[in-house]
Structure formats: C-alpha cells, structure tokens
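[1] the sequence isn't on hand, but the structure is:
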C-alpha cells in the first residue's frame, strides 16, 4: 500500500478548514440570533420554542456552509497544479477562503432573512416572534422546518454561485 502525501495534505487542510470555519460561523450565527432576536423580543433563556427556532437556523447555516470547503480546495488545487502560477499559495488560498466565506455568509443571511420574512408575511394571522416569546413549540417547529427546507432547496444554487469565482482555465470553444 502506497501513502499518498498530496491526498493526506489536502485532507488535513479540509479537516482544519471545516472545523475552523464551522465553529466560527456557527458561533457567529448564535451570537447574532441572541443579539437581534432574543434581546429584541425579550425571550428568556429557558424558552424551548426559541431554542427550536434558533437550532433550525444554526442547522441551516451548518448545512449551507458544509460545502464551502469544496470550492476553496478546488481553487487551491488549481493554483497548486498550474505550472505558470508564481504567487504564494498560502496568501492566495487565504484570499479565496475569505472571499468564499464572505459570499456564503452574505447569501445565508439573505436566504434566512427572506425565508423568515416571507413566511411571516404569508402567515399574517400568526405573529411568529410573539408566539416564540410565549414558548409556542408548534410555531417554532413549523417555522424551523420552513427554514431547514429552504436551505435544502437552495443549497445547490449557493454552491453554483461559489463555483463562479473559481479561477478555472480558459477552455477553447469549439462551436
């Protein structure tokens, strides 16, 4: 059995990126939720409905960022394998990593905001945030499932947006 150093190196990078990006973005999500929703609506810490709602958003973020490492690693591989590349792989890798993280964070914020806003508008007979404050678990479950479902529906589109920033080599057109 032969040891593949390149594959091992890329696996360590992917593992490290996954842990660092995941922990950072999930903590950021949790902090933003607590700052803007929990405090705005004076929701108590022991509120199970809010915990379900917040968990759904955190799951949505985790699910959507789960594929961000693929475009990052693809960019790094393309730079590393390009014989004409003269830059510093670490700096360019950091540049692409930052770019992809900023893009995906903005997209996730927009997707979750629009999803929640549209759902609240469509269910105009229910004030979801008032119900969350009152610990209405049924409303929290339905709202949370909507958030998770939208994340599942848009995931491939989000990755397609990220793929558009990868520096693929020019391919000649035949027709």
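    Arrived safely, thanks for sending. Source: prediction; values computed, not measured. Numbers count the residues shown, from 1 in each chain.
[2] got any ranges where this protein has weak pLDDT?
    By pLDDT under 70, the low-scoring segments of the chain are 1, 171-173, 175.
[3] all helices of it, in order?
    Applying DSSP state H to the chain gives helices spanning 5-33, 48-65, 69-81, 89-122, 128-133, 137-163.
[4] where's the residue nearest the centre of the chain relative to residue 21, distance?
    Of all residues in the chain, the one closest to the mean position by Cα atoms, centre = their mean is residue 65, 3.1 Å from it. From residue 65 across to residue 21, the span is 6 Å (Cβ to Cβ, to the nearest Å). C-beta coordinates here come from the backbone N, C-alpha and C atoms, glycine included.
[5] what's residue 17 in contact with, if anything?
    Residues near residue 17 by Cβ atoms under 8 Å, 6 or more residues apart in numbering: 69, 72-73, 97.
[6] most neighbours out of these, which is it?
    residue 72 (23 neighbours; other Cβ atoms under 10 Å).
[7] which ones are touching that one?
    For residue 72, the contact set (Cβ under 8 Å, 6+ apart) comprises 17, 93, 96-97, 100.
[8] residue 81: which of the residues you listed is nearest?
    residue 93 (13.3 Å; Cβ to Cβ).
[9] just to revisit the earlier point, okay, the contacts of residue 72 in CSV with distance to residue 108 next?
    Shown next, in CSV, are the contacts of residue 72 (distance: Cβ to Cβ, whole Å):
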residue, distance to residue 108
17, 17
93, 22
96, 18
97, 16
100, 12
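[10] ok, now how distant is residue 116 from residue 146?
    8 Å.
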